[in-house]
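Trainee: Kindly return the folded structure for what I paste below:
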Amino acid sequence: MLIWLILIAFLGSCLAGPVSRAADRWAGWLLALLPAGLFVTLIKISPVMERGWVLGDGLNWAPYLDLYLTFRLDGFSFLMTLLITGVGTLVVIYSGAYLSEKSLKDRGRFFTLILLFMTAMLGAVLADNLIVMLVFWEATSILSFLLIGFDGRSARARRSALMSLYTTAAGGLALLAAILLIGQALGTYSLGEVRARADELAASPLIVPILAGLMIGAFTKSAQFPFHFWLPNAMQAPTPASAFLHSATMVKLGIYLLARFEPVIAAVPYGRWVLVTVGGATMLIAAFQALRAEGFKTALAYSTIASLGILVTLIGLTGPAASVAMVGFLFAHALYKAALFFCAGSVLHATGLQNLRALGGLIRLLPLTGVATVLASLSMAGLPPFFGFISKEFLFQAQLESTSALVSLAVIVLVNAAMVGVAAVITLRPFFMGRGKISEVKHGETPGLVMPPLVLALAGLFLSLDPAWVSSNVLRPAAVAVYGEAIEVKVHLWHGITPMLMLSFVVVIIGALIAWYWKSIHLRLRKSRVFEVVDFDRYFETTLETLHLLSARLTGLVQHGDLRTYLWVVFAAVTALLLFAWNAAGLMPRLPQVDALRPAPAVVALVGMAGALAAARARGLLTAMIATGLVGFAVAVGFMFNGAPDLALTQFTVEALIVVLLTALLLAVPLAAPPTRTNTERRFDALIATVIGVVLFVALVDMTSASHGGAISTFMGNQSYLAAKGHNVVNVILVDFRGFDTLGETVVIAMSAVLAWSLLGPRLREQVWSHERRSPFILQLTAPVFFWLLLITSLWILLRGHDQPGGGFIGGLVAALAFAMIALAHGLERARRTLRIHPVVVVGIGMFLALLSGFPGMQDGSAYLTHLWYEGDALKLSTTMVFDLGVYIVVLGGVLAFLFGLQRGAEK
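Mentor: Residues are numbered from 1 along each chain as shown. Model prediction:
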């Protein structure tokens, strides 16, 4: 079920673009059905969570590597998924109204990104395997980068997006190191098992780097000191993204990680102390920065950082009350902070202004938005009867029952008082003070803008008035999952006159004073130079500039642009290493026993040598190309003589493609060029070439003289048909026995194609592509014939590959050669029209097929890329054909991306 939940979310996200274009102004309401459906599905299984049960789901991924695609739903992940899908539903609705003036393309792109982000968040909080969790964790960082930099024309948005990516990606690398060390220490990547073996992990000699990696990963993601600077800058994102990513979900992912590893942190003597210290420092800095903030969203961003610091502190506290307070505060914060971000977005959308001192009197123009802001701010201030009041009482109870110092309690009180002041300021100043500052608005209130914040603000009210369901089905299971033992959770508005109530009263009084004297406090803090010391935004820029400077100097040393120098350094290093190895081992090269001379291979070898010498002495590019091609064809014939037809086919096709690609380049460069090397340099080149040639020749003679064990080849030959129903052992190894390696290589080809197109592909509109050019009549006449012959041959090679020499890689090369013939004869425009599909889209289709082929075999519990077979009397079908077809299409698209880019550059 859990896998289907994530898969449905992913497929729905992929369809968001076309659906939004078709639905136009109703896109937000229509696309919201996806997260809403997931939310309702989760609500239906809440009775299971109430009983304290755990749902699990999984598939074998790579069992021999102890990698399993496992997911787990307990009380805490249930709380997170409810917030992700519930708030996600309102975010999608709000986005449809907020982005109404954007183009259909931009809206479709935003909906796709925000729903993909929701999917990544679901995967991260449901994953039980730490490797799987890390994949989704990194996906949230990448998608956050794309959403923050959504307005690519804005320099500030691009800078903020890069800042968030650098920070969170660095934390992701630290988390990766910690996860690998956990696997080394415990021999497992299961999150549940790691929690159960917390004491064993704490006793490991690797615990220090493990905890450091975990904490850095969590602190960067949840914007903790000193990594807090990226979150206020992330407010360059569209407001719906800010409400979703930077208040309700993504920034909570670091909190989620720390809470999951709380048993491990608690088992280390200094673990809790680190969390309380970092959380306290983050709270104080963020609270003062929130009072200094001038913008509506900026103030909310710093208050969010302060709240995240509170959550980190709660994880560091001892006792069951801390777990209850953590989940209660996390839940309440998501409700009121997302609502306030919605309201801030509506104000910005209506007025185009964000500065709090420039706003005023908006209650007349945006009455429903003002009501939602009031309700959410009252919850943020912790006033009854809102859920924020209940969560704040939990917070003070946890602090009083913990063994932490009194200083921590004082910090908590001061920070919460500052949050009360901020809540008052962001409500009173834009809506109730400064009447007459704003006389009209650009955009009025619409259902899509008003409904989401009102729903969240009213939820914070009504859930506190009748908290039975949320207490028994959400908060208690979540607290139990975090604490690890059964605990009692009492959610009531009134507990009598208690120390917690008195502390809440003190907080409100101090907060009211802060709001009353806000202007003087704000101006004094703005003038203070103390905050320049903790302005890590500036330090980040300085560090980045230093790294760029060092990188430029290092690149200037090792990447100077002289290809010949690169080559002779490589050749010299290889030669030196081989000679050193021979000398250290004390071995002499062995000589083979030659029974009889084989004339045919000898002739082919001599032809290849002649081609090499001709290429080395060639003065013109055309001569060098022909001579080099001769060497390649001689190598291919050598493969044929030595029983490697698959390699020979590949080599022949590659050589033909190289000829076409080089021909495209020769159209743009002179065939003859003046010499660039002096005689001394040429003699040095000849010396290097001779030495490396002699050394490699001796090494090859030695290798061919040794006897090689045939156990592996015998095993592969025996199992080729029994295990994979194929007679072509080479293809069986590629698509079945070592299919995962081939998949990785296919991904590399796909990435290379995308990068090549980004560098070489057309930057102009389609109508300004190169026109058809004139070429020799015989070439124009025969090119279509060769095209269809090559295309049919490529399909034949693909289909026969499992039993005869061939396969997807060779077939894709031959198919690319067919299109290359059209491009060579008639120009790039004709080849592009013949292909009909963008080369990068072709690559995407192929990758989808290759990835998809591995899932059917997992249905019976087998590993990923375990292929299924049907073999009848006259028909043999397998998922390997889908995999090979995917490779075929990726190779075709990849080669054409290079070809079209190069030839376009030549024809300009």
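
Trainee: who's in contact with the residue nearest the centre of the chain?
Mentor: Nearest to the mean C-alpha position of the chain, by C-alpha atoms, centre = their mean, lies residue 139 at 2.9 Å. By C-beta atoms under 8 Å, 6 or more residues apart in numbering, residue 139 lies in contact with 116, 120, 123-124. In short, each C-beta sits where N, CA and C put it, glycine included.

Trainee: and what of residue 881?
Mentor: By C-beta under 8 Å, 6+ apart, the residues touching residue 881 are 799, 802.

Trainee: What does the pLDDT read for it?
Mentor: At residue 881, the predicted lDDT confidence score is 88.

Trainee: How about residue 904?
Mentor: Confidence at residue 904, expressed as pLDDT, is 61.

Trainee: Mind listing what's buried along the helix or strand containing residue 792?
Mentor: Residue 792 is part of helix 777-800, with elements assigned from DSSP states H and E. Within helix 777-800, the residues that qualify as buried are 783, 787, 790-791, 793-794, 797-799, counting by 16 or more other C-beta atoms under 10 Å.

Trainee: Report all helices and strands that whatever helix or strand comes next after that helix contacts.
Mentor: Counting by DSSP H and E, the next helix or strand C-terminal to helix 777-800 is helix 808-826. Identification of packing neighbours for helix 808-826 by 3 or more C-beta pairs under 8 Å, 6 or more residues apart in numbering; DSSP states H and E yields helix 645-666, helix 777-800, helix 828-835, helix 879-907.

Trainee: Using PDB, write out the CA atom coordinates for helix 808-826.
Mentor: Only the C-alpha atoms of helix 808-826 are listed here, as PDB (Å, rounded to 0.1, in the frame of the first residue of the first chain):
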ATOM      1  CA  GLY A 808      20.100  -2.700 -27.700                       C
ATOM      2  CA  PHE A 809      23.400  -0.800 -27.600                       C
ATOM      3  CA  ILE A 810      24.500  -1.900 -31.100                       C
ATOM      4  CA  GLY A 811      21.000  -1.400 -32.500                       C
ATOM      5  CA  GLY A 812      20.800   2.100 -31.100                       C
ATOM      6  CA  LEU A 813      24.200   3.000 -32.700                       C
ATOM      7  CA  VAL A 814      23.000   1.600 -36.100                       C
ATOM      8  CA  ALA A 815      19.700   3.500 -35.800                       C
ATOM      9  CA  ALA A 816      21.600   6.700 -35.000                       C
ATOM     10  CA  LEU A 817      23.800   6.100 -38.100                       C
ATOM     11  CA  ALA A 818      20.600   6.000 -40.200                       C
ATOM     12  CA  PHE A 819      19.600   9.500 -39.100                       C
ATOM     13  CA  ALA A 820      23.200  10.600 -39.500                       C
ATOM     14  CA  MET A 821      23.000   9.700 -43.100                       C
ATOM     15  CA  ILE A 822      19.900  11.900 -43.600                       C
ATOM     16  CA  ALA A 823      21.700  14.800 -41.800                       C
ATOM     17  CA  LEU A 824      24.800  14.300 -44.000                       C
ATOM     18  CA  ALA A 825      22.900  14.200 -47.200                       C
ATOM     19  CA  HIS A 826      20.000  16.600 -46.700                       C
END
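
Trainee: ok so, going back, quick one: average confidence on the helix or strand harbouring the residue nearest to the centre of the chain?
Mentor: If you go by DSSP H and E, residue 139 is part of helix 130-148. Helix 130-148 carries an average pLDDT of 93.

Trainee: go on, stretch 327-338?
Mentor: pLDDT averaged over stretch 327-338 gives 92.
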